[in-house]
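J.: Sequence first, predicted model second:
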Amino acid sequence: MSHRNSIAIRGLIVVILLTQLACQTVMEFLPISVTPAPDEGSAAPVEVAESTATVVAPTVTPPGPTPTPAPPGLACAGSYGHGVTCIHDAEWMTFTAEGGGLNNNQIQALTTCPDGRLVIANPQGIDIYDGQSWRAISNHWGYGSVEGVACSAAGEIWVGHFGGVTRWAAGEWTIYDFHEFLTTDPDAGELVEDVVIDAQGAVWVVTSNSLARFSEGEWTLYEEGRGFKELYFLEKIAFDGEGRPWVAHSQGLLNFDGVFWEDNAFPSYVTPTSIAIDHLGQIWVGTLTDGLYVFDGQTWRSYQQQSSDLSSNRIAALAVDGQNRVWVGTDWGLNVFDGKTWETYWMSNAGVLSNQIDALGIVHGGPRLPKPAAQAPGMISGTLTSAAGEILPQTPVELCVGYIYRDYAETSLCEEKPFVRSTETNAEGAFTFEDVPPGRYMLTAHPGDQWYLLLEEDNYNTRWITVQSEATSDLGTVALPPPEEE
């Protein structure tokens with residue numbers, strides 16, 4: 001044997017020994033895996049035994065060619081309480097329960113399947129649109145909020161909801177209970193934040209503090225002490241062009257290289273609500289009150305209403321189409337960004353059912369965009385009284401977009417909303433808002449002690465004031481809510 005070959009063999013042995021040592025070091029940080037019961041019916045409880053767990057690392061897809069633009073398709077936006085608006089070939093399409101398409105208008109999540117079908121999740125189940133007709137499937141998880149829906153190439157549909165995740169396959173629902181499959185922490189809250197299917201068909205489920213991966217009948221868990229170095233408060237997940245997962249949490253982005261999770265901190269504290277990755281590999285993160293943040297792998301940049309044409313800083317949904325346009329659903333309009341210019345659609349210039357966009361889905365390359373067409377404004381009028389019916393003169397009244405989640409506060413309930421109009425009642429308690437763009441609004445008043453949200457609420461829609469073009473929405477007598485019983 002030559003001296004050169006001898007040196008090569010000794011070098012190879014050293015590499016093998018170092019690799020074995022590295023693997024032993026990594027083992028304590030890798031997640032545990034648990035195997036569920038067969039798919040028939042509800043999944044049976046599974047004991048998580050750390051001492052006998054099998055370590056399964058996710059498959060990471062190797063880099064592929066740069067994607068080419070996909071054929072033209074569909075873009076749909078869901079609005080909770082109002083239905084779904086889609087764009088196809090520069091034309092607007094709307095689907096509602098009243099119009100006979102949807103089973104329920106309370107759109108909580110929306111996705112598109114690889115075969116082009118549209119899937120909508122609501123409290124009563126799912127609605128599936130094949131481009132021609134709708135099919136409604138009642139849920140099997142009971143009543144609970146839905147935070148995510150995903151569709152596989154094999155036609156399976158997964159719904160993430162309070163208490164776990166449920167799969168629709170072969171005409172049956174299978175429930176995977178939160179504390180059996182998605183975490184080993186008995187004290188963890190049961191809210192599922194997101195569910196996404198990767199290119200290999202593995203299902204990823206995000207909870208507040210854990211990440212669970214389902215592949216080939218087996219669950220793999222990532223949580224503090226099992227893959228994660230610390231406790232994270234997770235929100236949403238997306239995959240880049242190389243198949244790597246990126247998870248938005250309260251302080252930054254986690255990404256996985258096949259062995260370790262790397263943390264990339266946000267430049268400032270934000271609350272993430274949505275995530276999408278464009279064809280250039282840039283990670284877009286929507287936030288609750290701080291607009292958009294974009295990460296290119298090294299640096300961050302941001303878009304806010306105050307410094308760009310983004311219509312609102314309150315982001316609810318993100319999507320990227322085959323033309324690499326970023327679609328942004330906000331509480332005041334639907335935004336489409338091509339990297340240079342923004343196009344914004346409101347009820348006042350487009351066929352959207354609501355200015356509050358809660359979910360987005362893109363089929364193929366996305367549609368040709370329609371041109372905005374401004375509509376003439378309308379008016380709102382009414383008379384303000386106390387709960388006892390007394391006229392309230394010279395009282396501040398405010399109108400604003402976006403849902404208001406509090407009934408009263410010492411400061412303005414319309415504070416930091418992207419569109420606000422203010423007026424004051426006259427001596428007879430009457431008020432008028434003129435030149436109001438067509439849309440849906442909420443009304444507040446300040447009789448002296450604090451601000452109150454007006455109009456009774458029997459369901460989600462009753463507090464919305466709908467303004468039509470060139471029409472007056474006469475509210476009649478609007479009374480303050482009765483004082484709370486002590």
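T.: The structure has been received and is ready for your questions.
J.: Going by C-alpha atoms from here, please, whenever you check contacts or count neighbours.
T.: OK.
J.: tally of neighbours for Glu262?
T.: Using other Cα atoms under 10 Å, Glu262 has 14 other residues around it.
J.: May I have the secondary structure class of it?
T.: strand (DSSP: H, G, I helix; E, B strand; the rest coil).
J.: Give the full set of residues in contact with it.
T.: Leu254, Asn255, Phe256 (Cα atoms under 8 Å, 6 or more residues apart in numbering).
J.: swap in Leu384?
T.: Each residue near Leu384 by Cα under 8 Å, 6+ apart is listed here: Ile391, Leu392, Pro393, Thr425, Gly429, Ala430, Phe431, Thr477, Val478, Ala479, Leu480.
J.: would you turn the contacts of Glu262 into a markdown table with secondary structure and neighbour count?
T.: Listed next are those as a markdown table, based on DSSP: H, G, I helix; E, B strand; the rest coil; neighbours: other Cα atoms under 10 Å:
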| residue | secondary structure | neighbour count |
| --- | --- | --- |
| Leu254 | strand | 20 |
| Asn255 | strand | 19 |
| Phe256 | strand | 16 |
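J.: Let's have the residues you listed in JSON lines, adding distance to Trp342 and pLDDT.
T.: Converted to JSON lines, the contacts of Glu262 look like this (distance: Cα to Cα, whole Å; pLDDT from 0 to 100):
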{"residue": "Leu254", "distance to Trp342": "29", "pLDDT": "97"}
{"residue": "Asn255", "distance to Trp342": "29", "pLDDT": "95"}
{"residue": "Phe256", "distance to Trp342": "32", "pLDDT": "94"}
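J.: any idea which of the residues you listed is the one closest to Glu457?
T.: Distance to Glu457, by Cα to Cα, is smallest for Leu254 among those, at 40.1 Å.
J.: got a list of contacts for stretch 146-164?
T.: Under Cα under 8 Å, 6+ apart, the answer for stretch 146-164 is 108-115, 119-123, 141, 144-145, 165-169, 175-179, 182, 190-197, 201, 205.
J.: now the helices for the chain?
T.: With DSSP state H as the criterion, the chain has helices at 3-26.
J.: can you list the domains in it?
T.: 29-363, 378-479 (automatic domain parsing).
J.: ok, of the ones you listed, where does mean pLDDT dip lowest?
T.: When those are compared by mean pLDDT, domain 29-363 comes last with a mean of 87.
J.: what about that one, distance to the chain center?
T.: Offset of domain 29-363 from its chain centre (Cα atoms, centre = their mean, to the nearest Å): 6 Å.
J.: Over to stretch 456-470?
T.: Its chain's C-alpha centre and that of stretch 456-470 lie 24 Å apart, by Cα atoms, centre = their mean.
J.: likewise stretch 405-416?
T.: The chain centre lies 24 Å from the centre of stretch 405-416; the measure is Cα atoms, centre = their mean.
J.: ok, and what's touching it?
T.: Glu398, Leu399, Cys400, Ile404, Val420, Thr444, Asp449, Gln450, Trp451, Tyr452, Leu453.
J.: Just to be sure, which of those are found in strands?
T.: Judged by DSSP state E, those include Glu398, Leu399, Cys400, Val420, Thr444, Trp451, Tyr452, Leu453 as members of strands.
J.: Give me whichever of the domains of the chain is most buried.
T.: Among the domains of the chain, ranked by average contacts under mean count of other Cα atoms under 10 Å, first place goes to domain 29-363 (a mean of 19).
J.: surely Gly378 meets Asp474?
T.: No - here Gly378 does not reach Asp474: they are 10.9 Å apart, not a contact under Cα atoms under 8 Å.
J.: How much space separates the closest residue to Gly351 other than its chain neighbours from Asp338?
T.: Using Cα to Cα, 6 or more residues apart in numbering and skipping the chain neighbours, the partner closest in space to Gly351 is Trp92 (5.7 Å). Distance of Trp92 to Asp338, computed by Cα to Cα, to the nearest Å: 20 Å.
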